[in-house]
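got a predicted model here, sequence first, then my questions.
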Amino acid sequence: MRGKWHIFREEGSLTVARQVPPRFDVAVSVVLPPAEPLRLAQQIRQDMWRAVQAVRGFSPVVKVEEQGDGLLVTAGGRVAGRVPGNLASEIKAVLEDEAKRSRWLRHARRDKKRLKSAQSEVKLHKSTTGFDKEAETGQ
């Protein structure tokens with residue numbers, strides 16, 4: 001079933017996995033700055049999959065946990081059969097790629113500008129709804 005991902009939220013952590021229950025037969029961890037966990041996990045999962053999709057029976061799992069003033073990210077997953085010896089190093093290369101990290105963090109940033117933009121879209125939507133209602137009632 002294409003596109004079916006399971007998202008598990010617990011106190012202080014989020015896990016994205018293809019299969020249930022999530023399992024790490026291979027795992028690599030890295031600490032990253034604060035970001036929106038789901039967006040970050042999805043970006044990492046996509047890049048990890050692109051790098052190791054040739055591994056037969058591989059099913060990605062990404063776990064993002066709050067850790068102090070940053071995030072502990074564990075990427076890897078389940079492997080049906082034998083785990084290739086170079087799989088951890090391939091995943092580590094993805095996690096340590098500075099260009100990828102910059103893109104992930106840009107996409108998943110938690111900043112006032114993004115929050116302010118979202119709030120003004122909500123205000124704009126509410127005012128438009130109010131205007132439409134007046135037009136319909138004639139008041």
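Now that the structure is in, tell me what you want to look at. Residues are numbered from 1 along each chain as shown.

I'd say residue 58 and residue 82 touch.
No. At 11.5 Å, residue 58 and residue 82 do not qualify as touching, with contact defined as Cβ atoms under 8 Å. (Each C-beta comes from the backbone N, C-alpha and C, glycine too.)

settle it for me: which of these two has more neighbours?
Neighbours per residue, other Cβ atoms under 10 Å: of residue 58 and residue 82, the larger number sits with residue 58, 23 against 9.

mind checking how far the more buried one is from residue 107?
For residue 58, the distance to residue 107 equals 23 Å [Cβ to Cβ, to the nearest Å].

how about the residue nearest in space to the middle of the chain, what does it touch?
Per Cα atoms, centre = their mean, the C-alpha nearest to the average position across the chain is that of residue 41, at 2.1 Å. Residue 41 makes contact with 14-16, 62-64, 73, according to Cβ atoms under 8 Å, 6 or more residues apart in numbering.

could you do residue 55 as well?
79, 84, 87.

same deal with residue 84?
If you count contacts by Cβ under 8 Å, 6+ apart, residue 84 has them with residue 55.

please report phi then psi for it.
When read as degrees, to the nearest 10, the backbone of residue 84 gives phi -60, psi 140.
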